[in-house]
Every structure is written in C-alpha cells, then in structure tokens.
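[1] Sequence first, predicted model second:
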Amino acid sequence: MLEAIWREGHWVDLAILITLAELLALVIWRQRQVSALGWPSYGWNLLSGLALMLALRVSVTDGHWAFQATCLAASGMVHALDLRRRLQGRPTRN
C-alpha cells in the first residue's frame with residue numbers, strides 16, 4: 001500500500017493540498033488582521049513551491065516532459081520575480 005502511494009505520487013498530492021490549505025489560511029488570517037503579512041510576503045514563495053511540487057508530481061507519475069519543464073520554468077520565473085522585488089526593497093506589507 002505504501003509503495004503504491006509513493007509510486008503513484010499521492011504523497012505529492014498531499015503536500016500540494018497542505019500548501020493550498022496554508023495559502024487559504026493565510027488569506028483568511030490576513031483578512032482578519034490589519035497588520036498581517038501581505039501577498040508579496042508569502043504568495044510568491046507559495047506559488048514557486050507549488051510549481052515545483054507540480055513538476056515533481058509529473059516526474060513521479062511519468063507525465064509528459066513538456067508539462068514538467070513548464071512547471072519548472074514557471075517556478076523559476078516566479079522565484080526570480082520575488083527575488084527582484086525583495087532586492088529592490090519593496091515593502092512586504094500591502
């Protein structure tokens with residue numbers, strides 16, 4: 001049973017679901033807190049991580065290489081945008 005979960009990539013699905021739940025919790029928390037972190041503080045990191053997890057999911061399940069490459073490229077671009085924003089000293093609160 002555990003081998004099937006591993007081989008079929010369900011563990012990646014679980015990680016993706018946990019990350020999406022974290023994103024939802026942060027959005028709800030931000031709406032209730034005046035001084036909570038804004039989207040730039042966590043959103044870009046979460047998007048980059050989700051794209052990496054999707055690439056891993058495609059790789060584990062022998063998906064099409066083009067989708068895997070697209071996910072990796074998207075993760076890299078989102079990460080680069082986040083780094084650029086941070087290096088330019090933009091505020092992290094909205």
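    Great, that's in hand.
[2] State the number of residues packed around the nearest residue to Tyr42 once chain neighbours are set aside.
    Distances taken as C-beta to C-beta, 6 or more residues apart in numbering place Leu26 nearest to Tyr42, at 5.7 Å, with adjacent residues excluded. Every C-beta, even on glycine, is put in place using the N, C-alpha and C of the backbone. Leu26 has 17 neighbouring residues, counting by other C-beta atoms under 10 Å.
[3] What helices and strands are in contact with the helix or strand hosting Leu26?
    Per DSSP states H and E, Leu26 falls inside helix 10-32. Applying 3 or more C-beta pairs under 8 Å, 6 or more residues apart in numbering; DSSP states H and E, we find helix 10-32 packed against helix 39-60.
[4] on that earlier part again, buried set for the helix holding Leu26?
    Val12, Ala15, Ile16, Leu23, Leu26, Arg30 (16 or more other C-beta atoms under 10 Å).
[5] same question, stretch 63-80
    Buried, per 16+ other C-beta under 10 Å, within stretch 63-80: Gln68, Cys71, Leu72, Ala74, Ser75, Val78, His79.
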